[in-house]
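Colleague: what shape does this take:
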Amino acid sequence: MALHESTSDESPASRACVFVGGDGAWLPGALSRGPWDPRAQHGGAPCGLLAHIAESAAPGPGWQLARLTVELVKPVPVAPLVSRSQVQSSRATVRVGIELLAGDVVVARAHALLLARQPLALPADLPHATAQAPMRPPEDCTDRVRIPGLPEGVSFYSSAVESRVAEGDSARPGPCGAWFRLGVPLVQGVPNSPAMRAAAAADFGNGLSWVLPAERFLFSNADLSLNLFRAPEGEWIGLRSTTEVHGDGAGLAVSRLYDTRGPIGIATQTLVLRERAA
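Modeller: Now for the predicted structure:
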């Protein structure tokens with residue numbers, strides 16, 4: 001497949017999906033753009049793509065993504081990308097190592113663990129690790145996530161994903177909860193899988209629970225670690241997110257993930273904190 005440079009075209013065709021491609025060659029469109037630089041992708045776009053590549057490595061149906069760890073080595077450009085994978089399989093697990101390259105430069109790495117689905121008769125009185133109240137359902141939420149200081153325009157944050165605040169106030173610093181739903185196919189011609197939806201949404205944790213003003217500071221994430229103990233159901237992924245920062249330039253965002261039935265997993269992000277130039 002011949003892929004050409006992405007442009008700033010904002011025609012309906014450019015908004016139909018986030019990526020075009022397959023067989024290890026990918027072309028991101030305007031919907032992949034991030035908030036910091038229009039030439040770089042939002043982290044949720046490559047994370048969702050890497051989840052898709054990992055799932056594609058499964059030897060057949062009946063596998064679910066249990067862990068995805070992504071290292072965002074460099075800003076992932078809105079430009080042609082190539083992926084290459086290594087796969088190790090057993091009866092119970094599939095382990096996938098992925099590199100995402102722009103030209104000859106590795107811009108992201110991922111390690112994924114897929115588990116074979118195995119129905120179990122669990123005890124009815126099984127204790128749960130968390131007993132948090134359920135999130136307010138998305139149909140009862142109306143306000144879109146709005147992070148002060150982030151530019152509007154065509155981007156992953158504002159155009160590819162629908163968001164609804166469930167608790168807290170995304171326009172004020174501190175913990176916040178919200179629902180996220182992919183509004184377009186992540187990969188053209190491929191249905192958005194539960195794992196793709198979870199990976200794409202999980203990267204919003206640091207923005208959702210911001211504590212530093214975006215007009216003065218950068219708080220981009222250098223990685224994303226996602227653990228799912230069950231596959232999410234439905235299109236909406238809920239995040240309850242908190243952020244901690246330190247004056248030495250490091251931070252941590254932790255998000256508990258939900259679907260409309262309840263908890264599904266957890267995600268963490270290491271944050272790189274920098275003061276913006278005057």
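Colleague: got any ranges where the protein has weak pLDDT?
Modeller: 1-15, 128-131 (pLDDT under 70).
Colleague: strands along that one, start to end?
Modeller: Taking DSSP state E as the criterion, the chain carries its strands at 19-22, 25-28, 63-71, 81-89, 93-102, 105-116, 161-167, 176-182, 217-221, 223-228, 237-245, 250-259, 262-275.
Colleague: tell me which residue is most central in this protein.
Modeller: Note on the chain: the residue nearest the mean C-alpha position is residue 200, at 2.5 Å, using C-alpha atoms, centre = their mean.
Colleague: just give me the longest helix of the protein.
Modeller: helix 44-56 (DSSP state H).
Colleague: in PDB, list the C-alpha atoms belonging to it.
Modeller: Written as PDB, here are the backbone C-alpha positions of helix 44-56 (Å, rounded to 0.1, in the frame of the first residue of the first chain):
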ATOM      1  CA  GLY A  44      -4.700   8.100  22.400                       C
ATOM      2  CA  ALA A  45      -4.400   7.700  18.600                       C
ATOM      3  CA  PRO A  46      -1.200   5.500  18.500                       C
ATOM      4  CA  CYS A  47      -2.200   3.700  21.700                       C
ATOM      5  CA  GLY A  48      -5.500   2.600  20.100                       C
ATOM      6  CA  LEU A  49      -3.600   1.700  16.900                       C
ATOM      7  CA  LEU A  50      -1.100  -0.400  18.900                       C
ATOM      8  CA  ALA A  51      -4.000  -2.200  20.600                       C
ATOM      9  CA  HIS A  52      -5.300  -3.100  17.200                       C
ATOM     10  CA  ILE A  53      -1.900  -4.300  16.000                       C
ATOM     11  CA  ALA A  54      -1.600  -6.500  19.200                       C
ATOM     12  CA  GLU A  55      -5.100  -8.000  18.700                       C
ATOM     13  CA  SER A  56      -4.300  -8.800  15.100                       C
END
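Colleague: just want the angle from that helix to strand 262-275.
Modeller: Angle between the axes of helix 44-56 and strand 262-275 is 130 degrees (criterion: axes from the mean of the first three to the mean of the last three C-alpha atoms, to 10 degrees).
Colleague: list the helices and strands helix 44-56 packs on?
Modeller: Applying 3 or more C-beta pairs under 8 Å, 6 or more residues apart in numbering; DSSP states H and E, one finds that helix 44-56 contacts strand 63-71, strand 81-89, strand 93-102, strand 105-116, helix 194-202. Just so you know, the C-beta spots here come from the backbone N, C-alpha and C atoms, and that holds for glycine as well.
Colleague: go again with 7 Å.
Modeller: strand 63-71, strand 93-102, strand 105-116, helix 194-202 (3 or more C-beta pairs under 7 Å, 6 or more residues apart in numbering; DSSP states H and E).
Colleague: contacting residues around it?
Modeller: Contacts to helix 44-56, defined as C-beta atoms under 7 Å, 6 or more residues apart in numbering, come from residues 18-19, 26, 28, 32, 65, 68, 70, 76, 83, 85, 96, 98, 100, 108, 110, 112, 114, 156, 186-187, 190, 193, 195-196, 199-204, 224.
Colleague: just the buried residues out of those residues, in PyMOL syntax.
Modeller: Those of the contacts of helix 44-56 that count as buried under 16 or more other C-beta atoms under 10 Å are selected in PyMOL with:
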select buried, resi 18+19+26+28+32+65+68+70+76+83+85+96+98+100+108+110+112+114+156+186+187+193+195+196+199+200+201+202+203+204+224
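Colleague: dump the helices and strands packed on helix 44-56 to TSV, plus distance to residue 45.
Modeller: Below are the helices and strands packed on helix 44-56 laid out as TSV (distance: least, C-beta to C-beta, whole Å):
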stretch	distance to residue 45
strand 63-71	11
strand 93-102	11
strand 105-116	10
helix 194-202	7
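Colleague: out of these, which is closest to residue 39?
Modeller: Checking these against residue 39 by C-beta to C-beta gives strand 93-102 as the closest, at 11.0 Å.
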